[in-house]
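Trainee: from the sequence below, what's the structure:
(one chain, ligands or ions: 1)
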Amino acid sequence: MKLIKNIIKKYMGSFAYYYSYLGYRMWFLLITSILVGLLDGLGLTMFIPLLSMIASDQAEASSSALGNFGFIVEGLNNIGLELNLVVVLMTMLVFFVGKGFAKFFERYLRVVYQQYFISRIRFENIDALVNYNYEAFTSADAGKIQNTLSGEVERVMQSFRTYSDMLQQSVMLLTYAALAVISSPQFAMLIVMGGFLTNLLFSSMYKKTKLLSFDLVKSNNLFQGFIIQSVAFYKYLKATASIIDYKRFLKEKVNEIEFITRKMGILSSIMLGMREPLMIGVVVAVILIQVELLEGSLATIMLSLLFFYRGLTALSSIQTSYNKFLSFSGSIDNMKSFTKSLQASPEVNGDDKVSSIQNIEFKNLSFSYNKKNTVLRNINLNIKPKQSIAFIGESGSGKTTLINLLAGLLKPSNGDLLINQKSIHSIELVNYRRRIGYITQEPIIFDDTLFNNVTLWDQKNEENLIRFQEAIKKSQLSSFISDLSDKEEERIGNNGVTLSGGQKQRISIARELYKDVDILLMDEATSALDTKTEKNIQKSIDDLKGEYTIIMIAHRLSTVKTCDQIVLLDKGEIKAKGDYKTLIENSSEFATMISSQQL
Ligand SMILES: Nc1ncnc2c1ncn2[C@@H]1O[C@H](COP(=O)(O)OP(=O)(O)OP(=O)(O)O)[C@@H](O)[C@H]1O
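Mentor: Take a look at the predicted model:
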């Protein structure tokens, strides 16, 4: 009973979950399952006229042979068919062919709906992830996100698969039960009562076995403890001859365990041995009562029995599927809470469209992570179009946070960031970000061709090829590409393993130049590049100055010499700003930094 209750509870909750994605499709699944069960059942009823023909040795069966299913015979009679052998066999064939079609349709729908269901979950999570607030993302569990989007989705799909198995088998069970009742209501009732009684007998035995297994675990644990102690205290026990008494005590425990295990063995053997004779005993008793006392028809009883047998097979499949379903169903709860938590922290977006980024102004801007950890204080800064500006400062001084604010990934806690005199809070972020190129410290290289890496899977038409070539030229990659055997179609390999650090950096630059952007955010690589590569990269950056607004985080001060503005950050505050010459003269910290890097 508890199992059935649990099954129904889980069943309904999960139905609602699948229904929220599949809607009316769930009803289609249910209807096709019912159809399969009905056609199968009706096909089986045709065994009865066959049996009655054999029993009476007549060439035709009467409608009474089918009991409550007599309507099938009458229906056939109405269309001018007598129930002879050929008609019976053909009708059976028609029902089973019909069942075949229904089964095909049901399986087909299941596969299609399963894919639809999973796509919907994936879309929902991808949308939520794309729309996720960056600050929430930084504190989210990256492993969980990855696992849920790949492995867990797979497990939710499995849950649906086993659920639809269960759904189909349950419908079959109900259909068979209904058919068994229609075939011979009295017989069905008696069988159910008999089954219920035997179940009572078994459930008391199950309870006993369960209690015994608890006892066994307890005794085993105790015994383990005593054995460990006999080793630990061996010297004392031996020296005082107490080991002899201890031996007797240990042997008693061994006997105790053996006794419980034997009791359990007897119980389970009794259950195993009794199950079938008991069931058959019930069936025999019920058939005898039906035929001898209640004068029922043997043929309809046989049919009812056949349905019971089919029903029993469906029941054991339900149990197997349910166990499997249970092992996957935890993933449904996990997926629900995961999707909910992603959707709970969406990015806040404004309506003001930015078609090109001109003036950038930090106005008394402060920023705190999680409303307490203040990392930027009272930042005031003006960046004019096509200016180049470098942020420098110790590790943790807030440089990356500033870049994140500029990209709209983080929003100012106090003060404001104005883009073309409009607050970043009111700006529509997707179009704004399309105007931004971002060259990260670790170059982003996809496992694909050079062309796709630069154009991010743009169409390879004439116009795009010209843009591609221009980007390649500007980022000093022309000679590199002419050395490649497949030119722009050369595959770069996973994370660019076949490329040097400098080449990767320049491909990242080419990607940003291919786009039509106004500003370039650059997080300069800290990893030691050889002097030649460093010089090359420096040259490619220098060439871009004056063409784009360049905002960079500079670790090597050699790169900041030609910048229009250098901003020295210290513990989240602007310590000094100006061009290279002014800063050397006005800031002792900057002068010290320069001398420590021997420039
Ligand atoms: N997601 C976060 N949550 C809380 N605090 C953070 C988070 N990210 C950074 N911080 C803190 O903010 C401060 C500034 O970090 P930021 O990354 O901006 O410094 P940085 O100057 O770029 O450092 P580095 O040169 O080492 O990259 C640091 O104290 C850091 O610990």
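
Trainee: report the contact partners of the residue of the stretch 151-300 of the chain found nearest the ligand.
Mentor: Closest residue of the stretch 151-300 of the chain to the ligand, C-beta to the nearest ligand atom: Glu152 (24.8 Å). All C-beta atoms are positioned from the backbone trio N, CA, C, and that covers glycine. Counting by C-beta atoms under 8 Å, 6 or more residues apart in numbering, Glu152 touches 331, 334-335, 338.

Trainee: so for it, what's the nearest residue that isn't a sequence neighbour?
Mentor: Leaving out its chain neighbours, the residue that sits closest to Glu152 by C-beta to C-beta, 6 or more residues apart in numbering is Ser331, at 5.2 Å.

Trainee: which phi and psi does that neighbour have?
Mentor: phi -70, psi -30 (degrees, to the nearest 10).

Trainee: which stretches of the stretch 451-599 of the chain form helices?
Mentor: With helices called from DSSP state H, counting those that start in this stretch, the stretch 451-599 of the chain shows them at 462-474, 478-482, 501-514, 531-544, 580-586, 588-596.

Trainee: give the other helices and strands that the third one contacts.
Mentor: Pointing back at helix 501-514 there. Applying 3 or more C-beta pairs under 8 Å, 6 or more residues apart in numbering; DSSP states H and E, one finds that helix 501-514 contacts strand 436-439, helix 450-455, helix 462-474, helix 531-544.

Trainee: mind checking the SS state of the residue sitting nearest the centre point of the chain?
Mentor: Geometric centre of the chain, nearest residue: Val153, 2.1 Å, by C-alpha atoms, centre = their mean. At Val153 the chain is in helix, as set by DSSP: H, G, I helix; E, B strand; the rest coil.

Trainee: how about Glu361?
Mentor: strand.

Trainee: can you name the residues of the stretch 1-150 of the chain that neighbour the ligand?
Mentor: Taking C-beta under 6 Å from any ligand atom as the criterion, the stretch 1-150 of the chain approaches the ligand at residues Thr138.

Trainee: pLDDT weak spots in the stretch 1-150 of the chain?
Mentor: 1-11, 48, 51-70, 72-73, 83, 143 (pLDDT under 70).

Trainee: how about it: which residue is closest to the ligand?
Mentor: When scored by C-beta to the nearest ligand atom, the stretch 1-150 of the chain has Thr138 as its residue closest to the ligand, at 3.7 Å.

Trainee: all strands of the chain, in order?
Mentor: 360-369, 373-383, 388-393, 414-419, 422-423, 436-439, 519-523, 549-553, 565-570, 573-578 (DSSP state E).

Trainee: tally up the residues packed near Thr209, please.
Mentor: Residues contacting Thr209 under the criterion other C-beta atoms under 10 Å number 15.

Trainee: which residues touch it?
Mentor: So Thr209 contacts 264, 267-268 (C-beta under 8 Å, 6+ apart).

Trainee: how many residues are close by Tyr548?
Mentor: For Tyr548, using other C-beta under 10 Å, the count is 19.

Trainee: tell me the bridge partners for it.
Mentor: Note on Tyr548: beta-bridge partners Lys545, judged by DSSP bridges.

Trainee: would you confirm that it contacts Gln387?
Mentor: No: at 9.7 Å, Tyr548 and Gln387 do not qualify as touching, with contact defined as C-beta atoms under 8 Å.

Trainee: re earlier: out of the helices and strands packed on helix 501-514, nearest to Lys422?
Mentor: Distance to Lys422, taken as C-beta to C-beta, is lowest for strand 436-439 among these, at 15.4 Å.

Trainee: export only the CA atoms of that closest one, formatted as CSV.
Mentor: The C-alpha trace of strand 436-439 is given here as CSV (Å, rounded to 0.1, in the frame of the first residue of the first chain):
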residue,chain,number,x,y,z
ILE,A,436,32.8,46.6,-27.4
GLY,A,437,35.8,44.5,-28.3
TYR,A,438,37.3,42.6,-25.4
ILE,A,439,40.8,41.1,-25.5
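
Trainee: list of residues touching that strand?
Mentor: 357, 406-407, 505, 508-509, 511-513, 515, 517-523, 548.

Trainee: ok, it: who's next to it in the sheet?
Mentor: Strand 436-439 has the following strand partners under DSSP bridges: strand 519-523 (parallel).

Trainee: check whether the strand it pairs with comes near the ligand.
Mentor: No: Strand 519-523 stays clear of the ligand (C-beta under 6 Å from any ligand atom), getting no nearer than 8.0 Å.

Trainee: for the record, mean pLDDT for that strand?
Mentor: On average, the pLDDT along strand 519-523 is 89.

Trainee: and for stretch 407-426?
Mentor: Mean predicted confidence for stretch 407-426 is 92.

Trainee: also stretch 486-497?
Mentor: Average pLDDT, stretch 486-497: 74.

Trainee: try stretch 186-199
Mentor: The model assigns stretch 186-199 a mean pLDDT of 72.

Trainee: got it, and stretch 469-481?
Mentor: Here the average pLDDT along stretch 469-481 is 86.

Trainee: can you give me the first-to-last residue distance of that stretch?
Mentor: This stretch, stretch 469-481, spans 10 Å end to end (C-alpha to C-alpha, to the nearest Å).

Trainee: and that stretch, what's buried?
Mentor: Buried residues in stretch 469-481, counted by 16 or more other C-beta atoms under 10 Å: 471-472, 474-477, 480-481.

Trainee: now what about it, what contacts it?
Mentor: 450, 454, 487-488, 503, 506-507, 509-511, 513-514, 536, 539-540, 543-544.

Trainee: which of those residues count as buried?
Mentor: By 16+ other C-beta under 10 Å, the contacts of stretch 469-481 give 450, 454, 488, 503, 506-507, 509-511, 513-514, 536, 540, 544 as buried.

Trainee: how about those, which pair is most distant?
Mentor: Going by C-beta to C-beta, the pair spanning the buried ones among the contacts of stretch 469-481 furthest: Glu488 and Leu544, at 21.3 Å.

Trainee: show me what from the stretch 351-500 of the chain comes close to the ligand.
Mentor: Of all the residues in the stretch 351-500 of the chain, those lying near the ligand are 369, 373, 375, 393, 395-401, going by C-beta under 6 Å from any ligand atom.

Trainee: specify which member of the residues you listed is nearest to Glu463.
Mentor: Checking those against Glu463 with C-beta to C-beta, the nearest one is Thr400 at 35.9 Å.

Trainee: just give me the neighbour total for the closest one.
Mentor: If you count neighbours by other C-beta under 10 Å, Thr400 ends up with 15.

Trainee: give me the pLDDT for it.
Mentor: 91.

Trainee: check contacts around it.
Mentor: 523, 553.

Trainee: let's see that with 7 Å instead.
Mentor: Thr400 makes contact with Ile553 under the criterion C-beta atoms under 7 Å, 6 or more residues apart in numbering.

Trainee: how about the nearest residue to Arg506, chain neighbours excluded?
Mentor: Ser475 is the one closest to Arg506 (C-beta to C-beta, 6+ apart), at 4.7 Å.

Trainee: tell me how far that neighbour lies from the ligand.
Mentor: 24 Å (C-beta to the nearest ligand atom, to the nearest Å).
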